[in-house]
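Colleague: no sequence on this one, just coordinates:
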């Protein structure tokens, strides 16, 4: 799982990071009735963030000029992209563009 995530991150356009490894499980932290956001990697104008969301939480609707990677490490949730709703759950990951 970690190798796969690194391959996806390493292939983001414009990302020039080498020798990077992080155990995302060790970074996970959940707030009661909230969302914890942590920066995993930041280089130039690219950023990889880890979101730990308690049950019932959601991110507000927004747009981005960069591609996003959604990789569910634990649990499940609904993801809506371009008005299309999909159920995401632990292990496969999706690339959102």
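Modeller: Thanks, I have the structure now. All of these numbers come straight from a predicted model, not from anything done at the bench. Numbering: from 1, shown residues only.

Colleague: Three-state assignment for the residue positioned nearest the centre of the chain, please.
Modeller: Nearest to the mean C-alpha position of the chain, by C-alpha atoms, centre = their mean, lies residue 70 at 4.4 Å. Three-state call for residue 70 (DSSP: H, G, I helix; E, B strand; the rest coil): strand.

Colleague: Also residue 26?
Modeller: helix.

Colleague: Over to the one 3 residues further on?
Modeller: Applying three-state DSSP to residue 29 yields a three-state assignment of coil.

Colleague: looking at it, it is touching residue 54, isn't it?
Modeller: No - counting by C-beta atoms under 8 Å, residue 29 sits too far from residue 54 to count as a contact (10.9 Å). Glycine gets a C-beta too; all of them are placed from N, C-alpha and C.

Colleague: And these two? Which one has more around it.
Modeller: The neighbour comparison of residue 29 against residue 54 (other C-beta atoms under 10 Å) goes to residue 54, with 13 against 9.

Colleague: ok, that one to residue 35 distance?
Modeller: 7 Å (C-beta to C-beta, to the nearest Å).

Colleague: Residue 56 now?
Modeller: Counting by C-beta to C-beta, the separation of residue 56 from residue 35 is 11 Å.

Colleague: how about low-confidence regions in this structure?
Modeller: The model of the chain has pLDDT under 70 over residues 1-20, 91-97.

Colleague: Please enumerate the strands of it.
Modeller: 35-43, 46-53, 68-71, 76-81, 84-89, 93-96 (DSSP state E).

Colleague: Comparing residue 56 and residue 35, which residue is more hemmed in?
Modeller: Higher neighbour count among residue 56 and residue 35: residue 35, with 13 against 6, using other C-beta under 10 Å.

Colleague: how about the more buried one, what does it touch?
Modeller: When contacts are counted by C-beta atoms under 8 Å, 6 or more residues apart in numbering, residue 35 touches 51, 52, 53, 54, 57, 59.

Colleague: thinking the first one is in contact with residue 57, fair?
Modeller: No - shown here, residue 51 and residue 57 do not form a contact pair, counting by C-beta under 8 Å, at 9.1 Å.

Colleague: burial measure for residue 48, as a count.
Modeller: By other C-beta under 10 Å, 21 other residues sit near residue 48.

Colleague: I am finished for the moment; much appreciated.
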